[in-house]
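J.: Coordinates for the following, if possible.
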Amino acid sequence: MTHGTYGTRIAALGYHQPERVLTNDDLAQLVDTSDEWIRQRTGIVTRHVAEDESVADLAAAAAGKALGESGLDPAEIGLVTVATCSARDRCPSTAATVAGRLGIPTPVAYDLNNGCAGFTTALAAAEHSVRAGAARHALVIGAEKMSDVTDWTDRSTCVLLGDGAGAAVVSAGGEPGIGPVLWGSDPALGGVVRLRDEWRPRFAQEGQAVYRWATTTLPPLLRETCERAGVDVAELRGIVTHQANLRLVEAVLRQLDAPKAVIARDVVDSGNTSAASVPIALAKLVERREIPAGAPVLLFSFGGGLSWAGQVVSCP
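T.: Just a heads-up that it's a prediction; the model follows:
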């Protein structure tokens, strides 16, 4: 993989999901829907919903697992960033709260809101900081409590969303393990995915517009991301996109020639967890060892903005 002079890599992963599982049949008690209707249109079967946990609680649980897996002392972490669009607290940042809970003494700590594209955007920003020498180890977290911003009377969106968090430790040293980022946005379509209404935001989207945009715009961007990393699409061993819904993900990936790649389909069990979806799905694939260590994996997320960000990484 090609990327500059200094090597960076994902050293460890962790994830956390709430205990409560909401099934399609449960949702059929709230709105006019059914298990068959939801499966046919989204591929989703279950999702996790937090009751007493906050975004910071979810983030700290996932980050603590990643930090423990890395073997690092908390004092070695120089940067903590949390990608989230659902955190209620504005100040202190969720990242600062997480750092305090984990005993990380003096990191730069900030939140990043790029909607569903948040984690891969935060991963790129943290990787740039590590590669530049501003920190030797960074903790990158995607955490969402989408149940806080769900309109439980809207059957077109309440069936999609779930809660959870995933985290990665990014470290300096060795061969490059995180490829160049491809990121951008299409502000002209910014209104098709929304979290508005001041202090009581509710998730809304124009689903058909998002589907058309994703299935036409994303495949060339996925190929370009691989080209930037010097990796042929056919050599990918894993593809982890934002888990928007299964129908959309499969429609996009059918346009790629990646016969060796394991495709993340965690949306079936977790729903759409926005910025948390990519790290949760990646962490589960690694936990089950479905992708060999060191193998190339394409990460790509997209969402509100409309924004996107992706990179090829070496599987930890």
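
J.: I'd like the mean pLDDT over the helix or strand where Ala95 lies, please.
T.: Assigned by DSSP states H and E, Ala95 belongs to helix 94-102. Rounded to a whole number, the mean pLDDT of helix 94-102 is 98.

J.: So what's the gap between that helix and the chain middle?
T.: Distance of helix 94-102 from its chain centroid, counting by C-alpha atoms, centre = their mean, to the nearest Å, is 19 Å.

J.: Which residues belonging to it are considered buried?
T.: Thr94, Ala95, Ala96, Thr97, Val98, Ala99, Leu102 (16 or more other C-beta atoms under 10 Å). Heads up, the C-betas are built off the backbone N, CA and C, glycines and all.

J.: and if you look at stretch 107-126?
T.: 107-109, 111-126.

J.: could you pull out the strands for the protein?
T.: 8-16, 21-23, 46-48, 79-83, 108-112, 137-145, 163-172, 182-185, 193-196, 202-205, 238-241, 262-263, 296-303, 307-314 (DSSP state E).

J.: Give me the distance between the residue nearest to Arg101 when sequence neighbours are not counted and Gly184.
T.: Closest residue to Arg101 apart from its sequence neighbours, by C-beta to C-beta, 6 or more residues apart in numbering: Ala60 at 4.6 Å. Using C-beta to C-beta, to the nearest Å, Ala60 is found at 31 Å from Gly184.

J.: Between the two, which is the more surrounded one?
T.: Ala60 (26 against 12; other C-beta atoms under 10 Å).

J.: neighbours around Leu189, how many?
T.: Leu189: 17 neighbours (other C-beta under 10 Å).

J.: Give the residue spans of the stretch 101-250 of the chain that score low on pLDDT.
T.: 196-199 (pLDDT under 70).

J.: Report how many residues lie close to Gly164.
T.: Neighbours of Gly164 (other C-beta under 10 Å): 31.

J.: Once you drop chain neighbours, what's closest to it?
T.: Closest to Gly164 by C-beta to C-beta, 6+ apart is Gln17, at 4.2 Å.

J.: center of this structure, which residue is that?
T.: Val278 (3.2 Å; C-alpha atoms, centre = their mean).

J.: Does it touch Gly142 like I think?
T.: Yes: using C-beta atoms under 8 Å, Val278 makes contact with Gly142 at a distance of 6.6 Å.
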